[in-house]
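Novice: structure for this input, please:
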Amino acid sequence: MTKLTLHPDRLFPADPGTRDIARRLYAGVKDLPIISPHGHTDPAWFAGNESFADPAQLLIVPDHYVFRMLYSQGVPLEALGVPRADGGAVETDSRAIWRIFAENYHLFRGTPSRMWLDWVFAEVFGMEEILSADNADAYFDSIDAALRTDAFRPRALFERFNIELLATTEGPLDPLDHHRAIRASGWQGRVITTYRPDPVVDPEYEGFAANVARFGELTGEDVSHWAGYLRAHETRRAYFREAGATATDHGHPTARTADLPRAEAEALYARVTGGSVTPADAELFRAQMLTEMARMSLSDGMTLQIHPGVHRNHNPGLMQGFGRDKGADIPTATEYVQALKPLLDRFGNEAGLTIILFTLDEDSYSRELAPLAGHYPALRIGPPWWFHDSPEGMRRFREAVTETAGFYNTVGFNDDTRAFLSIPARHDVARRMDCAFLARLVAEHRLPEDEAAAVAHALSYDLAKQAYRL
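Specialist: Numbers count the residues shown, from 1 in each chain. The predicted structure follows:
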């Protein structure tokens, strides 16, 4: 068995002098509360505060980072217990699922998932050996026993992880019952929602017409026409704000925006809700809706997040068999300068508006995003996202954007995860990498150490609170 060790200097520079600076900077931020302003954890966990089912159901079945890697090496999703869309048979023995994971744990060497998982195993569950086929059952039994205790219920872990705020993400048709239950429970943990209207904004989303009809019913608005549809969004946004929401989120294929004359927008809406949607009309409608959402954000104060540039559900077999979000989403090249211009022409100079831009196209960092955010008061650059939520991705991000946008046109870190137990691990990686980057600036006499300490604090805590109006 190989000993599981989390080295205290992991991710810090190899040069001894620079490493000492990084250690000092990290000491000032490592224990700051966690602000998790954008994620996909299940609010039902905190509403019911029930024990997690077992190690496999907590750490493997819902985590697309995990089953994506295993699937790429020929492990069927059915063998990992991932539910089929048609209700077909999948593995239900959690110990068998865990054994497959343990036998293949070597596949995660060098990946962020391995770093996060080792942190969870060592720091949360006290494991002392690296997971393998030989200790799979011992691991399972130890973690399973811990999950049956009160100390490992969701609220207790939330408090143990020093989470000050956690935002989940819900669709526009969600009744937000779990968020109401959390508030009614008297528990002091702050869990808020985020408005993600894609099912009623994207005409190519499955069930779009039915979704829009239900949207009208929920809001009491006549969505048969453009004005009523926009009022429905305003009504629903207010409903989400009552549940604590301070932000909206939009996962569009591109960053394209539009600012159509009213008559053209009305005609476009009639076409996309009329039952026959062309790809061009779908793209134009999504583009128009980003501008409409910016207008609404300027009015109600909600931060607007744009997550473009993903070919979602790239594998049609997995999409048909298992549904959305099953690890087959692929980054695409994304253009921002011309795509955002209609929205920026109208709202880019509004200092009271916050639009956070994310990307999976790293080439756009220095060429487009940093110059845009380094000029327009409404724009901020989101942290490295998804495939780039990694030590190397974080380093490339800081190197690419800082010289043009600085630190204060970025928004700190968000973990964007469904894997609750990985949240503190991910934030720790971000804090270490930011301190490593800042230490280099200090060592090269480009930044005084006291200023670097102030920046480290801002990146770890302050900027997220500011950007998300917390």
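Novice: buried ones in the helix or strand hosting residue 317?
Specialist: Per DSSP states H and E, residue 317 falls inside helix 316-322. Within helix 316-322, the residues scored as buried using 16 or more other C-beta atoms under 10 Å are 318, 319, 321, 322. Using the backbone N, CA and C atoms, a C-beta is placed for each residue, glycine as well.
Novice: likewise stretch 229-238?
Specialist: For stretch 229-238, by 16+ other C-beta under 10 Å, it's 229, 230, 231, 232, 233, 234, 236, 237.
Novice: please report how far the last one lies from residue 313.
Specialist: Note on residue 237: its distance to residue 313, by C-beta to C-beta, to the nearest Å, is 27 Å.
Novice: over to the fourth one?
Specialist: Residue 232 sits 27 Å away from residue 313 when distances are taken as C-beta to C-beta.
Novice: for the fifth one, same thing?
Specialist: Distance check for residue 233 against residue 313: by C-beta to C-beta, it reads 25 Å.
Novice: same question for the third one.
Specialist: Distance check for residue 231 against residue 313: by C-beta to C-beta, it reads 31 Å.
Novice: residue 448 now?
Specialist: 49 Å.
Novice: over to residue 300?
Specialist: Note on residue 300: its distance to residue 313, by C-beta to C-beta, is 31 Å.
Novice: before we move on, the earlier item: who has more neighbours, residue 448 and residue 313?
Specialist: Taking other C-beta atoms under 10 Å, residue 448 and residue 313 do not tie; residue 313 has more neighbours (19 against 11).
Novice: wait, the more buried one sits on residue 328?
Specialist: Yes - shown here, residue 313 and residue 328 form a contact pair, counting by C-beta atoms under 8 Å, at 5.9 Å.
Novice: now do the shared contacts for the two.
Specialist: Taking C-beta atoms under 8 Å, 6 or more residues apart in numbering as the criterion, residue 313 and residue 328 both touch residue 319.
Novice: pLDDT score for the residue minimising distance to the centre of the chain?
Specialist: What sits nearest the mean C-alpha location of the chain, by C-alpha atoms, centre = their mean, is residue 416, with 1.9 Å. On pLDDT, residue 416 comes in at 93.
Novice: same question, residue 32
Specialist: Predicted confidence (pLDDT) at residue 32: the value is 98.
Novice: what sits against it?
Specialist: 431, 457, 460, 461.
Novice: got the phi and psi for the closest residue to residue 372 other than its chain neighbours?
Specialist: Among residues not flanking residue 372 along the chain, residue 379 sits closest, at 5.5 Å (C-beta to C-beta, 6 or more residues apart in numbering). Backbone torsions of residue 379, given as degrees, to the nearest 10, read phi -100, psi 140.
Novice: residue 379 is in contact with residue 355, isn't it?
Specialist: Yes - if you go by C-beta under 8 Å, residue 379 and residue 355 touch, sitting 5.4 Å apart.
Novice: of these two, give the one with the bigger neighbour count.
Specialist: residue 355 (27 against 24).
Novice: what bridges to the nearest residue to the more buried one once chain neighbours are set aside?
Specialist: Leaving aside its chain neighbours, residue 355 sits nearest to residue 304 (4.7 Å; criterion: C-beta to C-beta, 6+ apart). In this entry, residue 304 is beta-bridged to residue 248, residue 355, by DSSP bridges.
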